[in-house]
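> model the structure of this input:
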Amino acid sequence: MNTGPGGDHPATGGSDADAGPRSDTGLSPDAAYAEIVRIRRSVGRSAAQIGWIYLLWGIASLLYWPAMFFAPSPVPRVAMVAWLAMTALSVVYAYRQRVYEHSGLQGRVSLAWVAVMAGVALFGLYVLPDDPSGWWVAAGLALAVVSALPVLYAAWRIRPWGGAR
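Numbers count the residues shown, from 1 in each chain. Next comes the predicted model:
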């Protein structure tokens with residue numbers, strides 16, 4: 001049975017005797033393994049970078065909402081400018097570092113975080129009184145924690161502090 005151009009082995013076109021590991025790129029098995037390890041480390045570093053970004057955003061969210069809800073007049077404006085600057089810098093950094101995460105976690109976390117942040121913002125705009133005290137302060141602080149949970153969960157799942165994978 002001649003199924004290939006050079007012999008009877010269907011996968012290589014040669015005989016069954018030379019059906020060992022082959023590569024069209026000319027890589028030896030050791031070189032191929034080294035390349036796999038290199039790419040795996042690169043992907044691990046990329047995942048760690050997005051994990052650190054999630055952790056940074058979680059901590060920032062814990063600080064942002066109390067500043068917006070309870071701080072005196074210039075602080076909310078400064079917090080808003082800092083938030084916008086951090087958003088722009090994070091997007092540029094992630095894009096330049098080619099930070100990709102394909103497990104679906106990034107999309108789910110982003111969607112959940114946007115929904116929670118919108119809910120907290122609406123709470124601040126329409127429910128929280130102008131001069132909150134007592135339980136209103138506790139509610140605002142609780143919502144600050146809730147707003148950070150999606151990105152802190154993602155950081156915990158990725159565990160960037162554990163080193164490259």
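
> my read is residue 32 is in a helix, agree?
Yes. Counting by DSSP: H, G, I helix; E, B strand; the rest coil, residue 32 is part of a helix.

> quickly note the distance from it to residue 150.
39 Å (C-beta to C-beta, to the nearest Å). Heads up, the C-betas are built off the backbone N, CA and C, glycines and all.

> and those two? which has more neighbours close in?
Comparing residue 32 with residue 150 by other C-beta atoms under 10 Å, the one with more neighbours is residue 150, at 23 against 13.

> buried sites along whichever strand or helix holds that one?
Under the criterion of DSSP states H and E, residue 150 resides in helix 135-158. Judged by neighbour count (16 or more other C-beta atoms under 10 Å), helix 135-158 contains these buried residues: 140, 143-144, 146-155, 158.

> now stretch 55-70
Using 16+ other C-beta under 10 Å as the burial criterion, the residues of stretch 55-70 that qualify are 55, 57-58, 60-62, 64-70.

> mind putting those residues into a markdown table with secondary structure and distance to residue 92?
Formatted as a markdown table, the buried residues of stretch 55-70 follow (DSSP: H, G, I helix; E, B strand; the rest coil; distance: C-beta to C-beta, whole Å):
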| residue | secondary structure | distance to residue 92 |
| --- | --- | --- |
| 55 | helix | 18 |
| 57 | helix | 15 |
| 58 | helix | 20 |
| 60 | helix | 16 |
| 61 | helix | 20 |
| 62 | helix | 23 |
| 64 | helix | 20 |
| 65 | helix | 24 |
| 66 | helix | 27 |
| 67 | helix | 24 |
| 68 | helix | 24 |
| 69 | helix | 29 |
| 70 | helix | 31 |
